[in-house]
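S.K.: sequence below, structure please.
(chains A, B, C and D)
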Protein chains: 2
Amino acid sequence: MCANGTPPVTLRMLADQLGLHVSTVSRALHGTSDESGRAASPATVERIRRLATELDYRPNPHAASLRTRRSNLIGVLVPRLSDIVLAMIYEGIEEAAAEHDLSTFVANTRDLPEIQRIRTDMVLARRVDGMIFGDAYVDARFLGEVAARGVPFVLVNRRAGDLPSVTCNDHLGGRLLGEHLLELGHRDVAVVAGEPYASTGIDRTQGFVSAYAEAGIEIPPRRIVRSPFDATGGRAAAEQLLADGPPPSAIFAVNDFAAIGVLGALRDHGLHAGTDIAVAGFNDTPLAAELPVPLTTVRSPMHEMGRRGIELLVRLLRGEQVESEQLRPELVVRVSTTGALRGGGSSGSKQGVARTHVHPPA
Amino acid sequence: MCANGTPPVTLRMLADQLGLHVSTVSRALHGTSDESGRAASPATVERIRRLATELDYRPNPHAASLRTRRSNLIGVLVPRLSDIVLAMIYEGIEEAAAEHDLSTFVANTRDLPEIQRIRTDMVLARRVDGMIFGDAYVDARFLGEVAARGVPFVLVNRRAGDLPSVTCNDHLGGRLLGEHLLELGHRDVAVVAGEPYASTGIDRTQGFVSAYAEAGIEIPPRRIVRSPFDATGGRAAAEQLLADGPPPSAIFAVNDFAAIGVLGALRDHGLHAGTDIAVAGFNDTPLAAELPVPLTTVRSPMHEMGRRGIELLVRLLRGEQVESEQLRPELVVRVSTTGALRGGGSSGSKQGVARTHVHPPA
DNA sequence: GTTAGCGACCCAAACGTTCGGGTAACGTTC
DNA sequence: GAACGTTACCCGAACGTTTGGGTCGCTAAC
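M.R.: Sure, this is the predicted structure:
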C-alpha cells in the first residue's frame, strides 16, 4: 500500500498540527464550499488547505469507502482487451471514469460464461459501485442474475434484452453497407456473421440482410456463416464460402479483423480484393485504412461508446432513470469494395482512403 | 458499493449468529490452518465455515486494507491498451494477478510524461501495493522519482536504467532478423526504428545494426528513421525512405504495426512486399500471419511477459531481491521476406506461415 | 434584558477487519 | 497439590474517514 518509510499523512495529523478537530479538517477539505463554510471560518479553511497541500495529504480511500459504503470503483468486463475494439472502448471508459473520479478494474472473460461468473464475483467482492459489461450475451440470462443481485450496471458494445446499454446502431451500420454494395451492383453477396451470441454480429447481419431484402434480393442461408471475431475466424469463414460452388461477388465481414482474415483467404485463392471480390468490414479499426488493400468499413464510435457507458452508469448510480443509447455509424468507403487504385502508383491519399461517405441517420 | 437491498454480511453477523467473538470467526476463516487451529476447535471452525458459505460471506476488502495497510491492488500503466502488444501483456498481467489474489488498475498514459505523472498519482492515491510500468522512458528519470517515493514497482516490455524489468531480449531479436536478412543477401537495408525514448526500438535496432556490422556492413544513418509504433507512423517512415534515392532492398520495422504501414506505403508505390522489397516486423502480433502478405517477424512472448511481471512484483513485495528478466524472442519467417507464394494459388498453410525458424539463445 | 439565531467549531459513534494480548478451564507432571 | 501447558476462546484497540449531533460565545431582535 505504501512501503514508504514515512507513513502517509492522515486527517488526524493535520488536525493535531492545526489544533483543530479531525471532523473540522475533513469538512474543510471535503465540503463543497457550503459544507466547508459551515465547518470553519474562511481563514481556517485556508489554513487547513494550505497545510494539506504542504504535507501532500491524500485521503485514504479505504477508510472513506468503509465509512461511506461507496468505493468509487467500477468493474469492467470485456471478452478480451487484445481485441482492439474493446481496447478502444475501454480507453473511453477509463478516460470518462477518471473525469468522474472513478477508478476501473478490467477483466477479460474470453466470452466464456463460466469466466464471466468468476470475474463478476471477483469484481463484486471488491465492492465496486457498479459494473460495465462489454461481453453481454444477447440472451441476457447471466446478466439477469446480476441485475437480481441489485448491482447497478450498463452494457457497452453489445445490447441484451432491455438492459441499459450503449451500442452502435449496428442494424443501421449493416444496412449502410448493404446499400453500398447494392449500389455497386453486387447481387450475390455473403456475410461473415460473427458469433451467434453477440448482438453486434446479429444486428449488423440483419441490417445488411434487410437492405438486400428491400431491394428484392434474399441472401440464402449458405451465404451467411458464423465465425469468431478475429482474423483466423474470418479466414476460416471465407474458406468455407469459397469452398462450395461459385464465390459471391462481395463479402461483408461484421468485424474488421474477420475482414482481414477474408482478405488473406482471398489472396491464397489468387483472388484480388476490391476487383475480383469486394470485401467490407465493420468498426473502422485504425488498421483498416492502412492495409495494403484499404478496407471499406463502417466506423463505429468506440471511444465515445466507452465514454457514454460511464456517463450512463453514473446517472444510474445517482438513481436516475436511464435509457439505452445507440450511436450513429458512418460508412467509410475504400478500395476493398471500389477496386480503385489497383496496382499502385502513388495514391492521392496517404491514408489510403478513397472517399468517405457519410450517410444521414435513419 | 452494493446498492442491494440487504446489506452485506459481516464478520459480526456470523459471530453473533454463532455466539462467538468476531476475532474467532476472523481467525477461523482467514487463518492458515495453524492460525485457525489455535483460534477454535476443529468443530467450531467447521461450523463457522459452513455458516460463512451459507450466508455467502464476503470479507470487506476496504476494512481489511484499512487495518492491514495492504490493498492487494496493483496499478498498471501502459502507453495505450489499444496497442495490441500492451493489451496482450496486460492480459498476462491480469491473469497472473488473479492467481495471486491481486486486482489491477490499468491506465493509459499515451507515452506522455505529464499523463504518466498524473496517472501515477491517481493510482498511488488508491493505495496500491505496487505498480507495473509498461511505458518506461529509457532515461528512467520519472521512474527514479517514483522509486524515491518508496513504491515497489517493476517494468515490463521496456527496460530503463537498472530498474527491475521483464523484457523481451530485444537486442537478440533484432540480431536474429539481421542475420535472416543477411542470409537472404540483403546488403542495403533500412530500419524503421520506433520512438527514441523506448528501449524496445532502441535495442531491436541496435541488435539489427550490430548483426550487420559483424558482417562488415555499416547501415548509414539515413537508413534508420524513427517513427511512432503504429501503422501511420510506419507508413510515414517508409515514405521517407522511399523518397530519397534508390530504395533499400529490405526494411525492418521494429514493430508489426509499423511494418503494416510500410506494406501499405510500398503498395502505394507499386512495390510488392516480399519480392521487390523484403519487409519484416517485430512481435508476431496475431495479425502478422493473417495479412494478405504474411509478415516475417520476431515473436516476443507478450503474455508471458505480463505474467512474469506480476511474479517479479510479487517477489519484490515479499521483500525479496529481484533481478530483471529477458525473455527469448523467436524468428518467424513468412513470405514478406522470402517472397514465396507470390500471386496466390491456395497456400500450403492456412496460417500463411512459410516456415518457422527457431534460433538458439545467444 | 432576555432569548433566538448563527458562526465556528468539537464530540463521538460508527464502518468491518485484524491482531496482540488476555483468561478460564482442563489436563499433566513432579 | 502447586506449578505449568494447552486448548479454545474472548477482549479491545486500532486503521482513517464521515456525519449527525452538540456547545459555546457572540450579535441582534423584541
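
S.K.: which ones are touching residue A:133?
M.R.: Residues near residue A:133 by C-beta atoms under 8 Å, 6 or more residues apart in numbering or on different chains: A:76, A:77, A:143, A:153, A:154, A:155, A:156. Yep, even glycine has a C-beta here, placed from its N, CA and C like the rest.

S.K.: go on, residue A:204?
M.R.: Counted by C-beta under 8 Å, 6+ apart, residue A:204 has contacts A:170, A:171, A:173, A:174, A:177, A:193, A:194, A:254, A:282, A:298.

S.K.: what's the farthest-apart pair in the residues you listed?
M.R.: Pairwise distances across those (C-beta to C-beta) peak at 14.7 Å, for the pair A:193 and A:298.

S.K.: neighbour-wise, which of those two wins?
M.R.: Legend: neighbour count by other C-beta atoms under 10 Å in any protein chain shown for residue A:193 and residue A:298, higher for residue A:298 (30 against 26).

S.K.: re the thing from before, need the max-distance pair from the contacts of residue A:133.
M.R.: Pairwise across the contacts of residue A:133, and taking C-beta to C-beta, the largest span is found between A:76 and A:143, at 14.2 Å.

S.K.: now the residue most central in space within chain A: closest residue in space that isn't a chain neighbour?
M.R.: The geometric centre of chain A, computed from its C-alpha atoms, lies nearest to residue A:89 (C-alpha atoms, centre = their mean), at 3.1 Å. Counting by C-beta to C-beta, 6 or more residues apart in numbering or on different chains, residue A:306 is the residue found nearest to residue A:89 once chain neighbours are left out, at 4.2 Å.

S.K.: so residue A:76 and residue A:143 - more neighbours on which side?
M.R.: residue A:76 (31 against 21).

S.K.: distance of the more buried one from residue A:109?
M.R.: Distance, residue A:76 to residue A:109, by C-beta to C-beta, to the nearest Å: 10 Å.

S.K.: can you give me the helices in the stretch 251-362 of chain A?
M.R.: A:256-268, A:286-290, A:302-317, A:335-338 (DSSP state H, counting those that start in this stretch).

S.K.: of the ones you listed, which is nearest DNA strand D?
M.R.: Distance to DNA strand D, taken as C-beta to the nearest atom of the strand, is lowest for helix A:302-317 among these, at 14.7 Å.

S.K.: and whichever strand or helix holds residue A:122, how far from the chain's centre?
M.R.: In this assignment (DSSP states H and E), residue A:122 forms part of helix A:113-125. Here the centre of helix A:113-125 is set off from its chain's centre by 19 Å, with C-alpha atoms, centre = their mean, to the nearest Å.

S.K.: next secondary structure after it?
M.R.: Assigned by DSSP H and E, the successor of helix A:113-125 is strand A:130-133.

S.K.: in the next helix or strand after that following strand, what counts as buried?
M.R.: Using DSSP H and E, the helix or strand that follows strand A:130-133 in sequence is helix A:141-148. Neighbour-count burial for helix A:141-148, counted by 16 or more other C-beta atoms under 10 Å in any protein chain shown, picks out A:142, A:143, A:146.

S.K.: same thing with stretch A:260-275?
M.R.: For stretch A:260-275, using 16+ other C-beta under 10 Å, the buried residues are A:260-269, A:271-274.

S.K.: one more: stretch A:123-138?
M.R.: Buried-residue list, stretch A:123-138, by 16+ other C-beta under 10 Å: A:123-124, A:126-138.

S.K.: just flag the most distant two among the residues you listed.
M.R.: A:127 and A:138 (29.1 Å).

S.K.: and the residue in chain A that DNA strand D sits nearest to, what pLDDT?
M.R.: Going by C-beta to the nearest atom of the strand, DNA strand D is nearest to residue A:23 of chain A, at 2.7 Å. Note for residue A:23: predicted pLDDT of 93.

S.K.: and the residue of the stretch 201-350 of chain A nearest DNA strand C?
M.R.: Closest point on the stretch 201-350 of chain A to DNA strand C, by C-beta to the nearest atom of the strand, is residue A:317, at 19.1 Å.

S.K.: need the per-residue pLDDT for that residue.
M.R.: 96.

S.K.: that one and chain B, how far apart?
M.R.: 8 Å (C-beta to the nearest C-beta, to the nearest Å).

S.K.: again, but for residue A:286
M.R.: 7 Å.

S.K.: who's in contact with residue A:147?
M.R.: Neighbours of residue A:147 in contact, by C-beta under 8 Å, 6+ apart: A:153, A:163.

S.K.: helix or strand for the residue nearest to the centre of chain A, just tell me which one.
M.R.: Secondary structure (DSSP H and E) places residue A:89 in helix A:84-99.

S.K.: and after that helix, which helix or strand comes next?
M.R.: Following helix A:84-99 in sequence, per DSSP H and E, is strand A:103-108.

S.K.: what about that following strand, average pLDDT?
M.R.: Averaging pLDDT along strand A:103-108 yields 95.

S.K.: what about residue A:50, how many neighbours?
M.R.: Neighbours of residue A:50 (other C-beta under 10 Å): 11.

S.K.: actually, residue A:40.
M.R.: 20.

S.K.: before we move on, what about the one 3 residues further on?
M.R.: Burial measure for residue A:43: 8 neighbouring residues, criterion other C-beta under 10 Å.

S.K.: quick check: what element follows the helix or strand harbouring it along the chain?
M.R.: Under the criterion of DSSP H and E, residue A:43 resides in helix A:42-55. Scanning forward in sequence from helix A:42-55 by DSSP H and E, the next helix or strand is helix A:61-68.

S.K.: tell me what the next helix or strand after that following helix is packed against?
M.R.: As assigned by DSSP H and E, the chain's next helix or strand after helix A:61-68 is strand A:73-78. For strand A:73-78, the contact count by 3 or more C-beta pairs under 8 Å, 6 or more residues apart in numbering or on different chains; DSSP states H and E identifies helix A:84-99, strand A:103-108, helix A:113-125, strand A:130-133 as packing neighbours.

S.K.: many thanks, have a good one.
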